[in-house]
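[1] sequence unknown, structure follows:
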């Protein structure tokens with residue numbers, strides 16, 4: 001989730017702000033001017049005449065176009081006000097009245113500098129003046145209003161659209177990062193007052209989001225080089241009542257954790273698993289009242305799944321009774337049941353200890369009920385596919401990691417035997433459903449590939465065409481997984497496991513395949529293709545998959 005938080009609107013340009021200020025001075029709200037017969041101005045319905053509107057426009061302060069000399073004047077004046085503020089505060093530390101005026105002037109200079117956002121071609125000059133460093137020093141200013149004004153300015157100066165229109169302006173962001181932007185931001189998040197300073201915190205998050213959108217790699221050091229993860233987790237865990245800023249917290253957390261192993265590991269070290277489980281536990285038996293709050297909780301579950309990509313966090317999850325909480329959520333059949341299934345799927349992957357704990361926590365009953373779509377209202381096609389994916393692959397993990405000599409494995413196998421082999425019947429049903437979906441997708445994709453090949457012949461050399469075509473095929477494979485191949489692979493693996501591990505299950509499966517005219521070779525091809533796509537680190541898994549194909 002890399003989007004702006006709810007209510008986090010873009011800042012107005014300097015010209016718009018000046019015009020709004022002028023219009024606000026009027027006795028009534030501004031309206032469009034109107035003319036009577038002969039072009040004479042007339043009063044509008046709200047009592048503000050065209051003459052009055054034109055008079056306000058004439059009196060509005062003019063904003064000169066920013067150039068290097070004017071930027072230098074503004075920057076030097078800002079530096080002067082910063083120094084004056086420091087001197088007065090040092091001289092009269094216990095007499096606020098002495099520095100109210102100079103800090104008011106400092107705040108005005110910061111507002112005046114917003115005009116720089118309309119001239120990104122001058123960002124390099126701003127950096128040359130070293131004014132970006134002055135802005136960062138103001139983040140530590142004792143007056144939190146100055147801090148707020150500075151953050152507001154930085155948020156506007158780092159808007160991603162600016163760098164799309166003027167790529168050379170990126171030098172400002174690079175200079176800010178080099179001058180320890182992340183450290184300054186996070187250190188000063190700590191001194192903000194909850195609720196009162198939420199808008200300032202929101203703008204701090206916007207700066208992070210802006211930079212991430214412009215320079216994705218720049219945020220990687222934020223999680224490990226600062227305490228932002230600890231700050232966000234503490235805020236999430238300590239806030240009892242939902243507020244919009246929590247949604248933004250969850251979005252920034254998702255940005256930090258997505259695809260970043262170091263941040264995922266660091267999040268576990270600062271007790272992130274505990275914080276997330278505590279936060280989602282508030283919704284284990286109830287649904288959130290608003291769409292914003294629902295999105296917030298879904299983001300928390302996404303963050304849990306991201307953290308479970310890191311092997312060291314599996315132990316922390318088990319120690320915090322995470323599996324038991326997820327089972328409670330599933331049994332409650334509330335809004336986040338599907339999110340809990342996804343977390344269980346992630347937790348059981350490559351974790352023998354978690355698989356054993358799951359069976360011992362009596363999780364098989366809930367998992368197989370979801371696998372059979374029992375006990376829930378009519379699901380949408382998308383919801384059905386999501387349930388099928390996470391339940392099938394969670395069961396695959398159990399087959400892979402539960403000790404075959406332990407009674408836990410017998411309990412797992414018995415789930416496919418009980419109720420007249422209904423779970424085996426379900427496997428064959430799922431195979432038919434997802435085989436059709438993948439076949440339909442493949443037919444469409446084949447036509448697209450032929451068209452793409454023809455385009456390549458016209459535009460590139462053979463060497464370039466082969467490289468681009470390889471990239472196309474990689475994307476096409478991901479599309480196949482999304483279209484249903486991933487679920488199909490899980491179903492075929494389960495067929496292989498039940499066929500290999502029990503003779504009666506093997507016989508019943510073969511009988512069903514014959515009744516439904518399912519070609520065993522097609523199932524084996526899905527498995528061998530899956531094995532071929534595994535990387536070099538999964539050699540044992542590749543060997544096991546080939547054995548399952550042979551067992552059919």
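    All right, it came through fine. Note that the coordinates shown come from a computational prediction; the quantities given were computed from them, not determined experimentally.
[2] pretty sure residue 484 contacts residue 437?
    Yes. Judged on CB atoms under 8 Å, residue 484 makes contact with residue 437 at a distance of 3.8 Å. Every C-beta, even on glycine, is put in place using the N, C-alpha and C of the backbone.
[3] between those two, which one's more packed in?
    Ranked by neighbour count (other CB atoms under 10 Å), residue 484 and residue 437 place residue 484 first, with 23 against 17.
[4] give me phi/psi at that one?
    Dihedral pair for residue 484: phi 140, psi -10, per degrees, to the nearest 10.
[5] Name the residues of the host helix or strand of residue 279 that come out as buried.
    Secondary structure from DSSP states H and E places residue 279 in helix 272-281. Neighbour-count burial for helix 272-281 flags 272-280 (criterion: 16 or more other CB atoms under 10 Å).
[6] Show me the contact partners of the helix or strand following that helix.
    Tracing the chain C-terminally past helix 272-281 and defining elements by DSSP H and E, one meets helix 291-307 next. Contacting residues not belonging to helix 291-307 are listed as 1, 6, 236, 242, 244, 246-247, 250-251, 253-254, 257-258, 264, 267-268, 272-273, 276-277, 279-280, 283, 287-288, 313, 322, 335-336, 339-340, 342-343, 346 [CB atoms under 8 Å, 6 or more residues apart in numbering].
[7] 7 Å instead?
    With CB atoms under 7 Å, 6 or more residues apart in numbering as the test, helix 291-307 has contacts from 1, 6, 242, 244, 246-247, 250-251, 253-254, 257-258, 264, 267-268, 272-273, 276, 279-280, 283, 288, 313, 335-336, 339, 342-343, 346.
[8] Filter these down to just the ones in helices.
    Here DSSP state H is the test, and these give 244, 246-247, 250-251, 253-254, 257, 264, 267-268, 272-273, 276, 279-280, 313, 339, 342-343, 346 as lying in helices.
[9] mind listing the strands for this structure?
    Taking DSSP state E, the chain contains no strands at all.
[10] Low-confidence regions, it specifically.
    Counting by pLDDT under 70, the chain contains low-confidence residues at 1-47, 59-64, 458-464.
[11] which helix in it runs the most residues?
    helix 407-459.
[12] buried stuff in stretch 178-192?
    Here stretch 178-192 shows 179, 181-186, 188-189, 192 as buried, counting by 16+ other CB under 10 Å.
[13] Check stretch 69-89 too.
    Buried-residue list, stretch 69-89, by 16+ other CB under 10 Å: 71-72, 74-75, 77-78, 81-82, 84-85, 88-89.
[14] ditto for stretch 499-517
    Quick answer for stretch 499-517 (16+ other CB under 10 Å): 499-502, 505-506, 508-509, 512-513.
[15] how deep is residue 377 tucked in, by neighbour count?
    6.
[16] contacting residues around stretch 526-540?
    488-489, 492-493, 496, 541-542, 545-546, 548-549.
[17] I'd like those laid out as CSV, including distance to residue 209 and neighbour count.
    Compiled in CSV, the contacts of stretch 526-540 are given as follows (distance: CB to CB, whole Å; neighbours: other CB atoms under 10 Å):
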residue, distance to residue 209, neighbour count
488, 37, 25
489, 35, 22
492, 41, 29
493, 39, 24
496, 45, 26
541, 38, 15
542, 40, 17
545, 41, 22
546, 46, 17
548, 45, 26
549, 46, 25
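[18] and which of those is nearest to residue 158?
    Using CB to CB, residue 489 comes nearest to residue 158 of those, at 42.7 Å.
[19] how close does the closest one sit to residue 531?
    Relative to residue 531, residue 489 is positioned 10 Å away (CB to CB, to the nearest Å).
[20] Next up, phi/psi of residue 320, please.
    phi -90, psi 10.
[21] if we can go back for a sec, among the buried residues of stretch 178-192, which ones are in helices?
    181-186, 188-189.
[22] next one: phi and psi at residue 336?
    Dihedral angles for residue 336 - degrees, to the nearest 10 - are phi -100, psi 20.
[23] Is it correct that residue 452 is in contact with residue 475?
    No. Shown here, residue 452 and residue 475 do not form a contact pair, counting by CB atoms under 7 Å, at 10.6 Å.
[24] Could you check which of the two has the larger neighbour count?
    The neighbour comparison of residue 452 against residue 475 (other CB under 10 Å) goes to residue 452, with 16 against 9.
[25] The more buried one - nearest residue in space that isn't next to it in sequence?
    Using CB to CB, 6 or more residues apart in numbering and skipping residues adjacent in sequence, the residue nearest residue 452 is residue 472, 5.9 Å away.
[26] do the same with residue 299
    Spatially, and ignoring its direct neighbours in sequence, residue 299 is nearest to residue 250 (3.6 Å; CB to CB, 6+ apart).
[27] Nearest to residue 377 among the buried residues of stretch 69-89?
    For the buried residues of stretch 69-89, the nearest to residue 377 is residue 78 (60.8 Å; CB to CB).
[28] The residue lying closest to that closest one once chain neighbours are set aside and residue 535, how far apart?
    The shortest distance from residue 78 to any non-neighbouring residue, by CB to CB, 6+ apart, is to residue 109 (4.6 Å). The gap separating residue 109 from residue 535 is 56 Å, by CB to CB.
[29] higher neighbour count, those two?
    residue 109 (17 against 8).
[30] contacting residues for the more buried one?
    Per CB under 7 Å, 6+ apart, neighbours of residue 109: 77-78, 81.
[31] Can I get those in a markdown table including distance to residue 146?
    A markdown table is the format used below for those (distance: CB to CB, whole Å):
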| residue | distance to residue 146 |
| --- | --- |
| 77 | 15 |
| 78 | 11 |
| 81 | 10 |
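[32] distance of the nearest residue to residue 140 once chain neighbours are set aside from residue 154?
    Leaving aside its sequence neighbours, residue 140 sits nearest to residue 188 (CB to CB, 6+ apart; 6.4 Å). Distance, residue 188 to residue 154, using CB to CB: 12 Å.
[33] Likewise for residue 482?
    38 Å.
[34] What of residue 551?
    Remark: distance between residue 551 and residue 154 (CB to CB) = 61 Å.
[35] neighbour count winner among the two?
    In this view residue 551 and residue 154 are compared by other CB under 10 Å, and residue 154 has more residues nearby, 26 against 16.
[36] need the buried residues of stretch 69-89 in TSV with distance to residue 160, can you?
    Converted to TSV, the buried residues of stretch 69-89 look like this (distance: CB to CB, whole Å):
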residue	distance to residue 160
71	22
72	27
74	24
75	24
77	29
78	25
81	30
82	28
84	35
85	32
88	38
89	36
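[37] quick one: which two of the residues you listed are the most distant?
    Top of the distance list for the buried residues of stretch 69-89 (CB to CB): 71 and 89, 27.1 Å.
[38] Torsion angles phi and psi at the residue nearest to residue 186 when sequence neighbours are not counted?
    What sits nearest to residue 186 in space, not counting adjacent residues and going by CB to CB, 6+ apart, is residue 226, at 4.0 Å. Dihedral angles of residue 226 (phi, psi; degrees, to the nearest 10) stand at phi -140, psi -180.
[39] contacting residues for residue 226?
    182-183, 186.
[40] Thank you kindly, that will do.
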